[in-house]
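>>> model this:
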Amino acid sequence: MIGEVLQFRDLQELCRPGKRPRLATVERWARLRNIRVQYDGQGGIWTTTAALNEALGLTTSAFENENYPASLI
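Okay, the predicted model is just below:
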């Protein structure tokens, strides 16, 4: 992990602890949990701790924040 960024190896460990699942397996795992990911250009994916927390229901999306009217999004 680099700061708030979870790299592909971090996601592999979250997906299947102690193993190194393939990219397709990690992508499917993230998609089923609604974790937003980006491709890193080196054959992997990455996300942020904020996106992970949002998917887990620990925080709400900035787009759902009541302080901003929908017209500004």
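>>> and the helices in the protein?
8-15, 23-32, 49-55 (DSSP state H).
>>> biggest strand in the protein by residues?
strand 45-48 (DSSP state E).
>>> quick one: residue 37 and residue 44 touch, right?
No. Residue 37 is beyond contact range of residue 44, at 9.5 Å (criterion: Cβ atoms under 8 Å). Using the backbone N, CA and C atoms, a C-beta is placed for each residue, glycine as well.
>>> and the two? which has more neighbours close in?
The residue with more neighbours, out of residue 37 and residue 44, is residue 37; 20 against 17, by other Cβ atoms under 10 Å.
>>> and the closest residue to the more buried one other than its chain neighbours, how many residues sit next to it?
Among residues not flanking residue 37 along the chain, residue 45 sits closest, at 4.3 Å (Cβ to Cβ, 6 or more residues apart in numbering). Residue 45 has 18 neighbouring residues, counting by other Cβ under 10 Å.
>>> give the contact list for residue 30.
By Cβ atoms under 8 Å, 6 or more residues apart in numbering, the contact set of residue 30 is 11, 15, 37, 45, 47.
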